[in-house]
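[1] Structure, please.
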Amino acid sequence: MTGDQARRLIVGDKVIWVGGAATEEGVVVAVNRFAVRIKWSDGRITEPFFNDMRKIEMAPANAQASAG
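    Numbering: from 1, shown residues only. Prediction:
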């Protein structure tokens with residue numbers, strides 16, 4: 001996703017990581033002026049800057065992210 005798309009994320013949005021061999025699901029748990037905090041289904045929490053989210057996309061509408 002682009003930086004502009006990332007800036008429109010809100011808490012509760014479901015996202016997926018599309019890099020590498022596996023697709024990881026996550027939920028946006030916080031947004032600030034510079035970054036988005038994501039809790040991934042494996043328990044990790046990351047906080048990528050808006051412009052560093054090229055391998056993260058919105059989850060399909062029917063996806064069930066289990067990170068909540």
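[2] Following element in sequence after the longest strand anywhere in the chain, please.
    Among the elements of type strand in the chain, defined by DSSP state E, the one spanning the most residues is strand 24-31. Towards the C-terminus, the helix or strand next in line after strand 24-31, according to DSSP states H and E, is strand 36-40.
[3] Check which helices and strands that next one sits against.
    On a contact count with 3 or more C-beta pairs under 8 Å, 6 or more residues apart in numbering; DSSP states H and E, strand 36-40 meets strand 24-31, strand 45-46. From N, CA and C alone the C-beta is placed, and that goes for glycine too.
[4] partner strands of whichever helix or strand comes after the last one, parallel or antiparallel?
    For strand 45-46, the following helix or strand on the C-terminal side (DSSP H and E) is strand 56-58. The strands beside strand 56-58 in its sheet (DSSP bridges) come out as strand 14-17 (antiparallel).
[5] sorry, back to before: buried sites along the longest strand of the chain?
    Neighbour counts using 16 or more other C-beta atoms under 10 Å place 24-29, 31 of strand 24-31 among the buried residues.
[6] Direction included, what does it pair against?
    In its sheet, strand 24-31 lies beside strand 14-17 (antiparallel), strand 36-40 (antiparallel), with partners assigned from DSSP bridges.
[7] and residue 47, which of those is closest to it?
    Comparison of the strands paired with strand 24-31 against residue 47 by C-beta to C-beta identifies strand 36-40 as nearest, at 4.7 Å.
[8] So for the closest one, mean pLDDT?
    pLDDT averaged over strand 36-40 equals 97, rounded to a whole number.
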